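Asker: Provided below for reference: sequence and predicted model.
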Number of protein chains: 2
Amino acid sequence: MKPYLILNQLPKIKNQKNSLLIFDSILLKQASLKNWIGQFSIQYAVRSGESLKNIENLPVHLKSILKLQQKNQITFSNIYVMGGGSVGDFGGFVASILKRGLPVVQIPTTWLAALDSAHGGKTALNVDGFKNQVGTFHYPQQILIVREVLETQPKIRLKEAAGEFLKTALLGGPSLFHKLSAWDWEQGQVKWTDLKSFIDVKYSVIKKDPFEKKGHRHVLNLGHTMGHVWEGAQGIPHGMAIYYGLLFDLAWSTRLGILSSKTASQIMGQGPWENLFDMKTDQLLFKLNEKKLVGALLQDKKNFKNGLRYIFIKKPGQTVIKTVKLQDILKEFRRQKKILENFSYEEL
Amino acid sequence: MKPYLILNQLPKIKNQKNSLLIFDSILLKQASLKNWIGQFSIQYAVRSGESLKNIENLPVHLKSILKLQQKNQITFSNIYVMGGGSVGDFGGFVASILKRGLPVVQIPTTWLAALDSAHGGKTALNVDGFKNQVGTFHYPQQILIVREVLETQPKIRLKEAAGEFLKTALLGGPSLFHKLSAWDWEQGQVKWTDLKSFIDVKYSVIKKDPFEKKGHRHVLNLGHTMGHVWEGAQGIPHGMAIYYGLLFDLAWSTRLGILSSKTASQIMGQGPWENLFDMKTDQLLFKLNEKKLVGALLQDKKNFKNGLRYIFIKKPGQTVIKTVKLQDILKEFRRQKKILENFSYEEL
């Protein structure tokens, strides 16, 4: 079976009697989706967002889900999960621990989930406000990438996925940049036939290391070290945080001479990158106090004692991994902060 | 690596700096165990029992465990779990979801865990009072069966494991019965060199089906259908409940003519079986009201709609699987209840 299918329409579900559908309640606002959801006799609606992933809420969710089983006098034989990243992470985790692992079909409803989080087998919950501290590897039986679903999302969702699209292009190589620059980012329009080439970048990495045992998947963290800090400390959407994390990494790679200034400006000059978000955000992000920064870096899943394997960019399609210390990140943060402050003063 | 090691003494632990030890706090009462536990710089003591396995308590445990990581500025690279069945199930589950699966070393401290629950890769938690509703498959890197640990347990623990030992003998064949009958059940004494032959019965089954995908492991449920009912509804220890579940299955197998009366009396005539527990318990168990019985059977992880694949005994070493309905179990329960009532009246 192929790991994912690209479809124009939602498929009819056969034998849904013993299936559970976990879905984002907001989808009921779309008549066509509401209809499709209606074919499931056992449904569990959730509110998407980080609080869904909070481990504190897991016991109540599991009780409710098991009550559905009791009430219908069945045992679930598989689970459908329909929603964005938080719903996918939550539903995937639940599927992975019910009956020690039920087959799951993921139907991502945001660009971010369709491009990234639905693929790669990871499920995750948050503990004490720290992201993805617990989770499992539980590959979906199938991932359905469905045009009628994805094209109904609010246009802002594409910008919110910008970071992961940019990361994918940086890992995948120059041809992907050309594709991205042709999309209408303000209107949230993706060229549908381009999508597969982006998704396949992730598969080319994870197929070498499906359970993250060998280190190959590490490159997928490009832009994520500072990205996670900003996402956690300033509460900006994941894909936007990763976008800024990538800008940070591009600037750092350039300063270290790993990336040439010429290539750096070529990267930023292509597509929508430079004017994608409000300039004020940059300033806000660098106002993060250093104690918080260090705390967030230490909380990230990496072990800083022996240094962190940091991913730098040499050119699109080529990364360089170097071991850095916590202090190195802090120094680079200060340097970029200073440049930005000076730059902003000129602008005002 | 061998799945389990039989040792006389607890081994010295190398590189414990990034290891977490989860252990039953009661073990600190034994000076030798306390000493050994003391080598770990990061320890998490728990109280054993079903409340440890309650999903409601999981968030607090995870928070505390992750705080230990923060406080020591490390990330755990592996987990040691030392305790009986509940501690093993809990610790194994925690290990399976931290960093999407950390290697775990299990050190069972009860006969029940050493014989059964520490082997086979299953971890489990309870939801809403229903046992093992969630869990994972997470095989330990190593299981240490340690004489100095197991021989310090209260003597009652051997009787509490009686059901799983009897089940193992029923699955393994006649030679195991002879071994069991030579042990001192009142004094809780196991012949140490016999232990391996019992443990290996489980491995001969699970090696054919390590993740319970093919149905081979189903025979390990011998005695567990009614056993689980009594364990849940009347709160008797697992191994004791399974003992009574097996008596139920032996009687049912005999009535159906699957097991000959002669073999049935040979089984019960060997070893300690007939007089292991107080006769009053039998009566108590059959006082279970039928509504509770049906509720518990439906809650068990099986799907009754298409009938239940029930394991009957033909002779030691040979089982027969037949599909039964909920109503069949209920009828057999009534039949055995009546016999027991009549039998008891005569005795009084």
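Answerer: Done, it's in. Predicted model only: the values in this text are computed from it and were never measured.
Asker: Report the mean per-residue pLDDT for the longest helix seen in chain A.
Answerer: Looking across chain A with DSSP state H, the single longest helix is helix A:326-347. When pLDDT is averaged over helix A:326-347, the result is 81.
Asker: Remind me what that helix packs against, helices and strands.
Answerer: When contacts are defined as 3 or more CB pairs under 8 Å, 6 or more residues apart in numbering or on different chains; DSSP states H and E, helix A:326-347 packs onto helix A:224-234, helix A:238-255, helix A:279-285, helix A:290-299, strand A:308-315. From N, CA and C alone the C-beta is placed, and that goes for glycine too.
Asker: Just want the phi and psi numbers for the residue of chain A positioned farthest from its centre.
Answerer: Going by CA atoms, centre = their mean, the residue of chain A most distant from its centre is A:Q73, 36.5 Å out. The phi/psi pair for A:Q73 (degrees, to the nearest 10) reads phi 50, psi 50.
Asker: mind checking pLDDT for it?
Answerer: Note on A:Q73: pLDDT of 82.
Asker: tell me the SS of A:N126?
Answerer: Following DSSP: H, G, I helix; E, B strand; the rest coil, A:N126 is assigned to strand.
Asker: Next: A:Q153.
Answerer: coil.
Asker: I figured it hits A:A113, correct?
Answerer: No - using CB atoms under 8 Å as the test, A:Q153 is too far from A:A113 to be in contact (10.1 Å).
Asker: which one of these two has more residues nearby?
Answerer: A:A113 (28 against 21; other CB atoms under 10 Å in any protein chain shown).
Asker: And the more buried one, what's its pLDDT?
Answerer: 97.
Asker: separation between it and chain B?
Answerer: Distance from A:A113 to chain B, counting by CB to the nearest CB, to the nearest Å: 18 Å.
Asker: got it, and A:G227?
Answerer: 19 Å.
Asker: I figured that residue hits A:I242, correct?
Answerer: Yes - judged on CB under 8 Å, A:G227 makes contact with A:I242 at a distance of 4.1 Å.
Asker: tell me, what's touching the two both at once?
Answerer: A:G163 (CB atoms under 8 Å, 6 or more residues apart in numbering or on different chains).
Asker: So which bits of stretch A:265-274 are buried?
Answerer: For stretch A:265-274, a neighbour-count test (16 or more other CB atoms under 10 Å in any protein chain shown) marks A:I267, A:Q270, A:G271, A:P272, A:W273 as buried.
Asker: Redo the residues you listed as a markdown table? Include pLDDT and distance to chain B.
Answerer: Shown next, in a markdown table, are the buried residues of stretch A:265-274 (pLDDT from 0 to 100; distance: CB to the nearest CB, whole Å):
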| residue | pLDDT | distance to chain B |
| --- | --- | --- |
| A:I267 | 87 | 32 |
| A:Q270 | 75 | 35 |
| A:G271 | 68 | 34 |
| A:P272 | 74 | 34 |
| A:W273 | 74 | 32 |
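Asker: Of these, which belong to helices?
Answerer: Under the assignment DSSP H, the buried residues of stretch A:265-274 contribute A:I267 to helices.
Asker: I'd like the distance between the closest residue to A:P272 other than its chain neighbours and chain B.
Answerer: Leaving aside its chain neighbours, A:P272 sits nearest to A:W185 (4.3 Å; criterion: CB to CB, 6 or more residues apart in numbering or on different chains). Relative to chain B, A:W185 is positioned 33 Å away (CB to the nearest CB).
Asker: mind checking the backbone torsions on A:W185?
Answerer: According to degrees, to the nearest 10, A:W185 has phi -70, psi -30.
Asker: what comes up buried for the lowest-mean-pLDDT helix or strand in chain A?
Answerer: The weakest-scoring helix or strand in chain A, judged by mean pLDDT, DSSP states H and E, is helix A:279-285 (a mean of 74). Counting neighbours by 16+ other CB under 10 Å, one finds that the buried residues in helix A:279-285 are A:T281, A:D282, A:L285.
Asker: And the second one, how far from A:A161?
Answerer: Looking back up the chat, that one is A:D282. The gap separating A:D282 from A:A161 is 19 Å, by CB to CB, to the nearest Å.
Asker: and if you look at the first one?
Answerer: As defined by CB to CB, A:T281 lies at a distance of 16 Å from A:A161.
Asker: which residues touch A:I258?
Answerer: By CB under 8 Å, 6+ apart, the neighbours of A:I258 are A:F312, A:I313, A:K314, A:V320.
Asker: quick one: which of the residues you listed is most hemmed in?
Answerer: Among the contacts of A:I258, A:I313 has the most neighbours (other CB under 10 Å), with 25 neighbours.
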